[in-house]
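A.B. asks: Pasting a predicted model and its sequence here:
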Amino acid sequence: MSTSDSVMFHPTQKAESRQVVACIDNSAHAPSVAAHAHAIASALDLPVTFMHVLDARPETGIRPDPIEWDLRRHEARRALGALTSLRPPSGRAAQLKLSEGLVADEICRYSSEPSAHLLVLGANGDSASPGALGGTARIVLEQAPASILLVPGTAPVMPDQRYRKILVPLDGSKWAESVLPLAVRLAKSAGAQLILTHVVPTPEFMETSPLGVGDRELRENVVKRNEISARSYLEHMQGCVAASGIAVRTLLVRSDDARTQLAAQIAAESADLVILSARGTGRRHHIDLPYGSVAAYLMTHSPVPVLMVRPSRVPDPPAHRVMEAVRLPVAAA
């Protein structure tokens, strides 16, 4: 069973137009997902669609009663309609889409269409414990070709549906830098501050015995060298971004674990959105994985929404291109 029932409050946009698709379930987290969908759609000046999938898998092996199924459709429409009471900053009403089928499969299929350009979904769901991905979120993250805004259950309420501080981790790779045009566009539209951050890792040495004085000096020299390079790099990126007229500052720290350090920075800086590439420097060694280790860690440990951008090709270094026309990155088909 895989049918579609679209409920439109306004005329539909052209099929080729891009949109933000909020994946709404029956959990108490749905209003937060809807609010963040409105916020990101307003900042990008894109239409938003609220999508709910009625799970067509019979739990008992018996096909659902037609009357019961109609009641479920009616309740799903009512719940989606109630979310329109959230006043979007743009004033543009949401489009509603009710589908039937396997939930993750339907979301992935819809996100493959040209108009479904960015997905917004809750990280946990009612059945998942805090800090763990729900089953649907995990499958969508692994299989959907679109960029994804993942909203954790701990995400703070947004009374005015606007982002104020956006944290962008940079590791020096072209993949990581490729999110900057999108980050600049979001920050400019929302009047937010961009925080460009880089974590200098402590190099690992093979330790079959305690490190000697020369080993410790070598490690410290490597760290200092990388700090100097990273500081120059961040200053250059800050200058490019500041030229667009938005507030931007940088953070440079050293840590044994970049992942935990970034999670700590998100909390310490009171950031309300993180934007990063699904790929980074480590991704070149694991081409079979959909996400790098930092992105995978922040999926379950970030206290605020994480927008993971999935580039469709090896990007050009944006340090020379931040001032060009900014558009939503195109996901690979």
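C.D. replies: That came through, no problem. Fair warning: this is a prediction, and the values are worked out from it, not measured in the lab.
A.B. asks: What strand or helix carries the closest residue in space to Glu235 that isn't next to it in sequence?
C.D. replies: Once flanking residues are discounted, Glu235 sits nearest to Thr250: 7.0 Å by CB to CB, 6 or more residues apart in numbering. Quick note: C-beta positions are derived from backbone N, CA and C, even for glycine. Element membership of Thr250, judged by DSSP states H and E, is strand 248-255.
A.B. asks: Let me see the residues that make contact with the next helix or strand after that strand.
C.D. replies: Downstream of strand 248-255, the first helix or strand assigned by DSSP H and E is helix 258-268. Residues from elsewhere that reach helix 258-268 (CB atoms under 8 Å, 6 or more residues apart in numbering): 167, 169, 171, 197, 199, 201, 251, 253, 255, 271, 274, 293-294, 297-298, 301-304.
A.B. asks: re the thing from before, the strand holding Thr250 versus helix 258-268: what angle between them?
C.D. replies: For strand 248-255 against helix 258-268, the angle by axes from the mean of the first three to the mean of the last three CA atoms, to 10 degrees is 130 degrees.
A.B. asks: where does the stretch 1-150 of the chain have low pLDDT?
C.D. replies: Along the stretch 1-150 of the chain, segments meeting pLDDT under 70 span 1-17, 56-72, 74, 76, 79-93, 114-116, 125-131.
A.B. asks: all strands of it, in order?
C.D. replies: Secondary structure of the stretch 1-150 of the chain by DSSP state E, counting those that start in this stretch: the strands cover 4-7, 19-23, 48-55, 95-101, 116-122, 147-151.
A.B. asks: would you turn those strands into CSV with mean neighbour count and distance to Arg219?
C.D. replies: Below are the strands of the stretch 1-150 of the chain laid out as CSV (neighbours: other CB atoms under 10 Å; distance: least, CB to CB, whole Å):
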stretch, mean neighbour count, distance to Arg219
strand 4-7, 13, 58
strand 19-23, 26, 45
strand 48-55, 23, 49
strand 95-101, 20, 54
strand 116-122, 25, 42
strand 147-151, 25, 35
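A.B. asks: a markdown table for the ones you listed, including distance to Ala190?
C.D. replies: Below are the strands of the stretch 1-150 of the chain laid out as a markdown table (distance: least, CB to CB, whole Å):
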| stretch | distance to Ala190 |
| --- | --- |
| strand 4-7 | 29 |
| strand 19-23 | 14 |
| strand 48-55 | 15 |
| strand 95-101 | 22 |
| strand 116-122 | 16 |
| strand 147-151 | 14 |
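A.B. asks: out of the ones you listed, nearest to Ala30?
C.D. replies: strand 116-122 (7.4 Å; CB to CB).
A.B. asks: what sits against the residue nearest to Glu235?
C.D. replies: Ile195, Leu196, Thr197, His198, Leu234, Glu235, Met237, Gln238.
A.B. asks: separation between it and Glu269?
C.D. replies: Here the criterion is CB to CB, to the nearest Å. By it, Thr250 lies 12 Å from Glu269.
A.B. asks: Determine the residues that are contacts of both of these two.
C.D. replies: Both Thr250 and Glu269 are contacted by Ile195, under the criterion CB under 8 Å, 6+ apart.
A.B. asks: hmm, back to that, of the contacts of Thr250, which pair is most distant in space?
C.D. replies: The most distant members of these, if one measures by CB to CB, are Ile195 and Glu235, lying 14.2 Å apart.
A.B. asks: who's more crowded, these two?
C.D. replies: Ranked by neighbour count (other CB atoms under 10 Å), Ile195 and Glu235 place Ile195 first, with 22 against 13.
A.B. asks: Specify the helix with the largest residue count in this protein.
C.D. replies: helix 213-242 (DSSP state H).
A.B. asks: What residues of that helix count as buried?
C.D. replies: Neighbour counts using 16 or more other CB atoms under 10 Å place Asn226, Ala230, Tyr233, Leu234, Met237, Cys240, Val241 of helix 213-242 among the buried residues.
A.B. asks: Could you tell me the angle between it and strand 248-255?
C.D. replies: Comparing the axes of helix 213-242 and strand 248-255 via the same axes, to 10 degrees yields an angle of 170 degrees.
A.B. asks: Just the residues contacting the host helix or strand of Leu307, thanks.
C.D. replies: For Leu307, the host element (DSSP H and E) is strand 306-309. For strand 306-309, contacts defined as CB under 8 Å, 6+ apart pick out 40, 141, 147-150, 178-179, 182, 273-278, 291, 295, 298-299, 329.
A.B. asks: need the contacts of Thr250 in a markdown table with distance to Ala187 and pLDDT, can you?
C.D. replies: Shown next, in a markdown table, are these (distance: CB to CB, whole Å; pLDDT from 0 to 100):
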| residue | distance to Ala187 | pLDDT |
| --- | --- | --- |
| Ile195 | 10 | 97 |
| Leu196 | 11 | 97 |
| Thr197 | 14 | 96 |
| His198 | 18 | 95 |
| Leu234 | 16 | 95 |
| Glu235 | 18 | 95 |
| Met237 | 14 | 94 |
| Gln238 | 13 | 95 |
